[in-house]
Structure formats: structure tokens, C-alpha cells
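A predicted structure for the sequence below; I have some questions about it.
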Amino acid sequence: MINFIVGLGNPGSEYQKTRHNAGFLLLDQLADREGVRFAYESRFKADVAKCVLDKVPVYLIKPQTFMNKSGLSVSAFASYYDIAVDQILVVHDELDLEAGVVRIKKDGGHGGHNGLRDIIQQLGSKVFNRLRIGIGHPGDRNKVTQYVLKAPPKQDADLIQSAMDRALHEIPLLCQGEIEKAMRNLHSD
């Protein structure tokens with residue numbers, strides 16, 4: 001069962017529609033759909049909301065620490081509420097997937113993603129679940145920082161939104177612990 005969904009992104013209006021903020025965008029859409037609002041909680045350095053998805057109480061958090069320090073919020077929250085690492089779902093942008101592709105991953109390394117790197121370091125574990133939103137790759141690793149911190153062109157933005165729509169449809173299944181079923185649904189697209 002998933003009780004804790006983390007959306008990764010950077011705080012501030014200048015980052016709001018960037019590729020790197022796919023996690024924030026998805027959680028904002030989930031909160032809107034469920035009729036809940038985020039409120040800042042200083043002890044976690046995060047915006048936090050709570051909702052019920054298919055009878056499962058779920059915390060939504062958006063760390064306000066900037067991407068490379070996301071683990072501070074995740075670790076503090078998981079520790080405070082005694083949430084097991086395998087009950088965490090981290091929603092993040094994924095360079096290694098084309099725009100419009102969405103995948104679930106049960107555990108693994110950080111793949112160069114600084115937000116994931118910090119979460120792994122702070123939790124001392126990499127066995128949390130991930131919802132990977134494809135944003136595509138600029139083709140040159142020297143252009144990655146500039147690429148992720150810019151808004152995508154309309155065609156890519158539409159593809160990313162389509163991926164998020166499919167992901168939002170599967171989140172209740174994930175929260176019920178039906179990870180394999182949600183994975184089959186998303187990975188067959």
C-alpha cells in the first residue's frame with residue numbers, strides 16, 4: 001500500500017512549468033481532483049496535503065527545499081509519521097523516457113537524478129516506488145541542466161500532460177498496493 005506520495009520539483013514561480021517540476025505538477029492536479037489544498041509545514045520544509053484515495057489515507061508532499069535537498073523533507077516526514085520506505089511513491093521527471101511515456105519502478109538507483117540521489121541518501125534505502133514521467137533528453141549531457149529548467153514546447157508539454165493523465169488514473173490502484181496491475185496498465189501504452 002502507498003500512504004505517502006512525493007512530487008519532486010523546485011519551489012518558485014520561475015520553475016513552475018519546467019520539465020523538472022513534473023512531480024509538482026502531477027501532485028497539484030491530484031490535489032485539485034481530490035478537492036484538497038496544500039499547506040506549508042515548516043517541520044518538513046514541504047507543502048503537505050492529505051486525501052483519501054479508494055479508502056486509503058494518503059499524504060501528498062512537495063518538498064520546498066529545491067530538488068537536490070528533497071531527501072530532507074521526505075526523510076523527516078517518513079520518520080515523523082513512521083511510514084515504511086516501501087509505502088512511499090516518488091513522482092519525478094525522467095530524462096531517459098521520451099515525453100509522453102510514464103513508467104513505474106519499484107526500486108533502483110538515482111540514474112543521475114539529484115532529487116532521487118538525495119532521497120536515497122537521506123532514507124538510507126532505495127526500495128521506494130517511483131512514478132517516472134518522461135520528459136525526453138536534449139541529446140547532449142552538457143545541455144541537461146538548461147533543458148530540465150525550461151518549459152517544454154507545446155507539443156512536448158501536451159505529451160507530458162497525456163502521460164500525467166494516465167498516471168493520475170493509476171494512482172488509486174498504486175495506493176491500494178496493486179503496483180503490478182498499475183504497472184501493466186501503464187507499461188502497455
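Noted; the coordinates are in hand. Predicted model, so just to flag it, every value in this text is computed and none were measured.

Can you tell me the SS state at the residue positioned nearest the centre of the chain?
The chain has Val91 as the residue nearest its centroid, 1.5 Å off, counting by CA atoms, centre = their mean. Under DSSP: H, G, I helix; E, B strand; the rest coil, Val91 falls in the strand class.

got it, and Leu60?
strand.

Looks like it contacts Val52 (just checking).
No: taking contacts as CB atoms under 8 Å, Leu60 lies outside contact range of Val52: 11.5 Å. Where C-beta positions appear, they are placed from N, C-alpha and C, glycine not excepted.

Counting neighbours, go ahead and name the busier of the two.
Set Leu60 next to Val52 and count neighbours by other CB atoms under 10 Å: Leu60 wins out with 25 against 12.

Tell me what that one is bridged to.
Per DSSP bridges, residues listed as beta-bridge partners of Leu60: Ile5, Ala49.

Which residues are in contact with it?
5, 7, 27, 30-31, 36, 38, 48-51 (CB atoms under 8 Å, 6 or more residues apart in numbering).

Looking at those residues, spot the one nearest Lys150.
Gly7 (19.0 Å; CB to CB).

Could you check the pLDDT of the closest one?
Note on Gly7: pLDDT of 98.

which residues does it contact?
Taking CB under 8 Å, 6+ apart, one finds 23-28, 60-62, 91-92 in contact with Gly7.

Mind checking which of these are buried?
Buried residues within these, counting neighbours by 16 or more other CB atoms under 10 Å: 23-28, 60-62, 91-92.

Kindly indicate which of those lies nearest Asp82.
Ile61 (15.3 Å).

so that closest one touches Ser73, yeah?
Yes: Ile61 lies in contact with Ser73 (CB under 8 Å); the separation is 6.4 Å.

any shared contact partners between these two?
6, 44, 46.

For Phe128, give me its contacts.
85-86, 88-90, 107, 119.

need the strands for the protein, in chain order.
Using DSSP state E, the strands of the chain run over 4-7, 39-41, 46-53, 56-63, 88-94, 102-105, 129-134.

For burial, what's the neighbour tally of the nearest residue to Asn129 once chain neighbours are set aside?
Excluding its sequence neighbours, the residue lying closest to Asn129 (CB to CB, 6 or more residues apart in numbering) is Leu89, at 4.6 Å. Leu89 has 22 neighbouring residues, counting by other CB under 10 Å.

Brilliant, that's me finished.
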